[in-house]
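Student: here is my input, please return the structure:
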Amino acid sequence: LNLMRVCSAVLVLYAGSLLPFILSFSPRVSHRRLYTSQNLFSAPPKTPTSDLDLAVTQDSIAWSHDFFECSDYSKTHSIFSAVGDYIERCTSQGVRCVKPIYAKSASDLTFTTADLENAVRADFLDAGQGTADRNKGWKMRPVGTIRGKSFEDAKLSFDEVKASLEKGTVIFNSAGAHVSETIAPATLAAQDGMGGGAAGVCCNLYVTRSGAATSAPPHTDKQDVVVIQTQGKKHWRVFSPTDPSQKPHVEAFARGKGDDDYPLHKLSEQGGELLLDVVMEKGDILYIPARFPHTTDTVEGVKGGDWSIHMTFGLDNHVWDLDYGTIRRLGLLKAGVPDSLRDPAKENKETLLEVPTFVGKINQLEPEVHEGLVSGLPRRWLR
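Tutor: Numbering: from 1, shown residues only. Model prediction:
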């Protein structure tokens, strides 16, 4: 996995003569106007209209017919084509100026409690339960226990899923690779629709009972994500990225996870501003850029309803280190230029990925420079 991540970044580096551009991100000087959280992400809490052109295209209809001999996944393909186009527009100058986007009744995907029960009974699925210990971040514990001596005995049961839902959200990671009904074809449609805008697309399935005060505590992700609500309702709040210099030893893409305490009051203390406050219903979609904190519940306006079920499609670029910070780091290492942001005693080709790029001194740079380094590479580099 680490070798693949290095290779992906090195291939991008060799795609052009990028070293002068990389060196322009020196902590001492920045030669270009970059977007900051203050002037880009700030906005009053509201339910915005979509900035995406979500009309179903003929290309998407043709793709769905070619792959599935029907048009069932043409709308999903078009949604991700629009997301890919939006990200490309926002990265055309090398620095992303993306924002979270909410669109109502944009998807026709359906995945219900009955579909989930059928999937659990039909296959050997793995699930985790999201937990948050006091003064610590979000973690996962396994759902169910391995038992018996046969495949059937050891399978996760639907009763175990229901029991876990009383304690927290149940997550089926990589469901797009395991659930052939709806989720797998939707993931294929997302990957193709992105048109090279993501090195990979992974779909996780989230299930939460109604009345949960916190279904996911505040946290950030390494992926841009597109959320599609397929049953019930869920309350989402999305914030602008917080000041990384407040906690430089924690990776900006993994706040609120593991042992990182990241409660709501710390978001405002560290510069996070509420950008979106919406209750998603079936068919609604939500785009959240990587590093934007978000939290969910099923209390406000949704108590007593069906389970909330949504698909989260992770658009994997940062997972493969396809960002300017890593390219800068590789370029300096290859050129033999000392990196003022790293510990020379620990930085070499063998230990390159032992410490994440966005930990340490890089999080103490001036906001304009930091914002440029955490930006993912433009879509054209991924084609």
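Student: centre-most residue in this structure?
Tutor: For the chain, residue 223 is the residue whose C-alpha lies nearest the centre (Cα atoms, centre = their mean; 3.0 Å).
Student: dump the residue contacts of the closest residue to that one other than its chain neighbours.
Tutor: Nearest residue to residue 223, sequence neighbours excluded (Cβ to Cβ, 6 or more residues apart in numbering): residue 314, at 3.6 Å. Bear in mind the C-beta positions are built from the backbone N, C-alpha and C, glycine included. Neighbouring residues of residue 314 by Cβ atoms under 8 Å, 6 or more residues apart in numbering: 201-204, 221, 223-225.
Student: any idea which helix is longest in the chain?
Tutor: helix 74-90 (DSSP state H).
Student: list the helices and strands that helix packs on?
Tutor: The contact analysis (3 or more Cβ pairs under 8 Å, 6 or more residues apart in numbering; DSSP states H and E) places helix 74-90 against helix 58-68, helix 183-193, strand 224-231, strand 285-288, strand 308-316.
Student: just send these back as a markdown table, with distance to residue 102 and mean pLDDT too.
Tutor: Listed next are the helices and strands packed on helix 74-90 as a markdown table, based on distance: least, Cβ to Cβ, whole Å; pLDDT from 0 to 100:
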| stretch | distance to residue 102 | mean pLDDT |
| --- | --- | --- |
| helix 58-68 | 21 | 95 |
| helix 183-193 | 18 | 96 |
| strand 224-231 | 9 | 97 |
| strand 285-288 | 5 | 97 |
| strand 308-316 | 13 | 96 |
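Student: quick one: the strands in the stretch 51-200 of the chain?
Tutor: Counting by DSSP state E, counting those that start in this stretch, the stretch 51-200 of the chain has strands at residues 101-103, 128-132, 138-142, 170-172, 200-208.
Student: name the helices or strands packed onto the next helix or strand after the longest one?
Tutor: Just to be clear, that refers to strand 200-208. Next in sequence after strand 200-208, counting helices and strands by DSSP states H and E, comes strand 216-219. Counting contacts by 3+ Cβ pairs under 8 Å, 6+ apart, strand 216-219 packs against strand 138-142, helix 264-269, strand 294-297.
Student: if you set the cut-off to 6 Å instead, what comes out?
Tutor: strand 294-297 (3 or more Cβ pairs under 6 Å, 6 or more residues apart in numbering; DSSP states H and E).
Student: identify the residues contacting the strand it packs on?
Tutor: 212-218, 234-238, 288 (Cβ atoms under 6 Å, 6 or more residues apart in numbering).
Student: please convert the buried members of these into ChimeraX selection syntax.
Tutor: A single ChimeraX command selects the buried members of the contacts of strand 294-297 (16 or more other Cβ atoms under 10 Å):
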select :212,214,215,216,217,218,234,235,236,237,238,288
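Student: and the furthest pair within the contacts of strand 294-297?
Tutor: The most widely separated members of those, counting by Cβ to Cβ, are 213 and 288 (21.1 Å).
Student: pull the contacting residues for the nearest residue to residue 267 once chain neighbours are set aside.
Tutor: Leaving aside its chain neighbours, residue 267 sits nearest to residue 239 (5.3 Å; criterion: Cβ to Cβ, 6+ apart). By Cβ under 6 Å, 6+ apart, the contact set of residue 239 is 267, 272, 274, 293.
Student: got these as JSON lines, with pLDDT and neighbour count columns?
Tutor: Compiled in JSON lines, these are given as follows (pLDDT from 0 to 100; neighbours: other Cβ atoms under 10 Å):
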{"residue": "267", "pLDDT": "89", "neighbour count": "22"}
{"residue": "272", "pLDDT": "92", "neighbour count": "23"}
{"residue": "274", "pLDDT": "95", "neighbour count": "17"}
{"residue": "293", "pLDDT": "96", "neighbour count": "26"}
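Student: which one among those gets closest to residue 170?
Tutor: residue 293 (22.2 Å).
Student: contacting residues for that closest one?
Tutor: Contacts of residue 293 by Cβ under 6 Å, 6+ apart are 218, 220, 239, 267, 272.
Student: ok, it to residue 276 distance?
Tutor: The gap separating residue 293 from residue 276 is 11 Å, by Cβ to Cβ, to the nearest Å.
Student: same check on residue 150?
Tutor: Relative to residue 276, and taking Cβ to Cβ, residue 150 is found at 47 Å.
Student: among these two, which residue is more densely surrounded?
Tutor: More neighbours surround residue 276 than the other of residue 150 and residue 276, with 21 against 8 (other Cβ atoms under 10 Å).
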